[in-house]
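Chemist: What follows is a predicted protein model with its sequence.
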Amino acid sequence: MSLLEAIIIGIIQGATEFLPISSDGHLVLIPAIFGLSQPDLVLIGLVHAGTLLAIISYFARDLWAILKAVINGLVQRRPFADDNARLGWLMVLGSVPAGIVGLALKDWFEQQFESPVIAAAGLLVTAAFLVVGERLLRGVKTIPQLTWLDTLIIGSFQVLALLPGVSRSGTTIAAGLGRGLDRPSAARFSFLVGLPAIAGAGLLSIIDIFTEQGSLPMGHYVAAFTAAAVVGYLCIAFLLSWLKSHSLYLFATYCATVGTLYLLYSFLF
């Protein structure tokens with residue numbers, strides 16, 4: 001794998017982890033379409049670590065406030081009295097469904113990543129969710145008004161995102177819209193509720209870094225990590241700004257187009 005290919009992998013991960021177009025789907029499809037070298041586990045681990053750094057950096061103030069509120073709530077034996085503390089526990093609750101299913105069916109989900117066709121079909125699923133989410137948009141709730149049931153429903157949609165092509169941010173944003181959030185709030189909560197899952201994937205990938213022998217020069221890994229972190233940070237900022245005045249239809253159109261074109265290509269050739 002060349003340095004340029006490593007950087008491209010980092011850019012793909014950074015952009016598609018947070019935009020509602022599926023990072024895993026693109027990491028499966030793009031090498032298949034353009035004949036790029038498949039990334040080794042060390043490179044995959046580093047680009048996941050890059051996106052983890054991006055989301056922690058972007059939400060650093062929020063996360064620090066949440067952590068302090070959770071600790072203070074436990075000390076005072078009033079764990080849900082503060083909005084930030086309650087948000088922290090909602091983040092944990094929303095991560096439970098995907099954590100349980102992901103661990104139970106880990107091998108099966110990993111097998112699905114061998115098929116670009118499944119990834120392309122997953123993009124069509126993502127497109128459908130984004131369209132339905134827009135149709136359900138009411139915008140009557142803010143994040144502090146979310147109930148435990150709302151969070152469990154939104155978090156459950158992260159299970160679908162264990163499949164390649166199904167966007168975690170796309171499905172959870174759509175679910176948030178369906179539960180009454182406006183677009184920016186749905187996106188913000190999607191990032192926060194997905195943080196434990198992103199952190200878990202990032203940490204597992206980091207473990208791979210120490211258990212696998214890298215096959216690329218160190219400069220390739222550094223460049224990919226940096227690209228993923230920088231692009232990821234910018235894409236978080238872009239999406240939160242975009243959704244203040246734009247719909248999700250652009251992303252739905254993109255997912256539907258890419259998924260359909262690849263499926264047609266695979267069946268015809």
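Modeler: Thanks, I have the structure now.
Chemist: Contacts only, for the closest residue in space to L136 that isn't next to it in sequence.
Modeler: Closest residue to L136 apart from its sequence neighbours, by CB to CB, 6 or more residues apart in numbering: G178 at 4.3 Å. C-beta here means a position set from N, CA and C on the backbone, and glycine is covered the same way. G178 makes contacts with 132-133, 136, 153, as judged by CB atoms under 8 Å, 6 or more residues apart in numbering.
Chemist: Name the nearest residue to V140, ignoring sequence neighbours.
Modeler: Nearest one to V140, counting by CB to CB, 6+ apart, is G180 at 4.8 Å.
Chemist: pLDDT wise, what is that neighbour at?
Modeler: With respect to pLDDT, G180 scores 94.
Chemist: okay, and for the stretch 101-250 of the chain, where does confidence drop off?
Modeler: Counting by pLDDT under 70, the ranges of the stretch 101-250 of the chain that qualify are 201-202, 204-206, 208-214.
Chemist: all helices of the stretch 101-250 of the chain, in order?
Modeler: 106-112, 116-135, 148-156, 168-178, 183-211, 218-242, 249-268 (DSSP state H, counting those that start in this stretch).
Chemist: Kindly reformat those helices as a markdown table containing distance to F59.
Modeler: Below are those laid out as a markdown table (distance: least, CB to CB, whole Å):
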| stretch | distance to F59 |
| --- | --- |
| helix 106-112 | 27 |
| helix 116-135 | 22 |
| helix 148-156 | 17 |
| helix 168-178 | 14 |
| helix 183-211 | 7 |
| helix 218-242 | 8 |
| helix 249-268 | 21 |
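Chemist: For L52, which of those helices is the nearest?
Modeler: Closest of those to L52 is helix 183-211, at 3.6 Å (criterion: CB to CB).
Chemist: How far does stretch 169-176 sit from its chain's centre?
Modeler: 10 Å (CA atoms, centre = their mean, to the nearest Å).
Chemist: ignore the last one, stretch 129-143
Modeler: Using CA atoms, centre = their mean, the offset of stretch 129-143 from its chain centre is 18 Å.
Chemist: And that stretch, end to end?
Modeler: One end of stretch 129-143 to the other measures 21 Å (CA to CA, to the nearest Å).
Chemist: Just the buried positions in that stretch, please.
Modeler: 129-134, 137, 141, 143 (16 or more other CB atoms under 10 Å).
Chemist: count of residues packed around L74?
Modeler: Look at L74: counted by other CB atoms under 10 Å, it has 11 neighbours.
Chemist: Likewise for L250?
Modeler: 13.
Chemist: And A227, by the same measure?
Modeler: 22.
Chemist: That one and I12, how far apart?
Modeler: 9 Å (CB to CB, to the nearest Å).
Chemist: One more: L261?
Modeler: Taking CB to CB, one finds L261 at 17 Å from I12.
Chemist: higher neighbour count, these two?
Modeler: I12 (23 against 13).
Chemist: Verify the contact between that one and H26 for me.
Modeler: Yes. Under the criterion of CB atoms under 8 Å, I12 makes contact with H26 at 5.1 Å.
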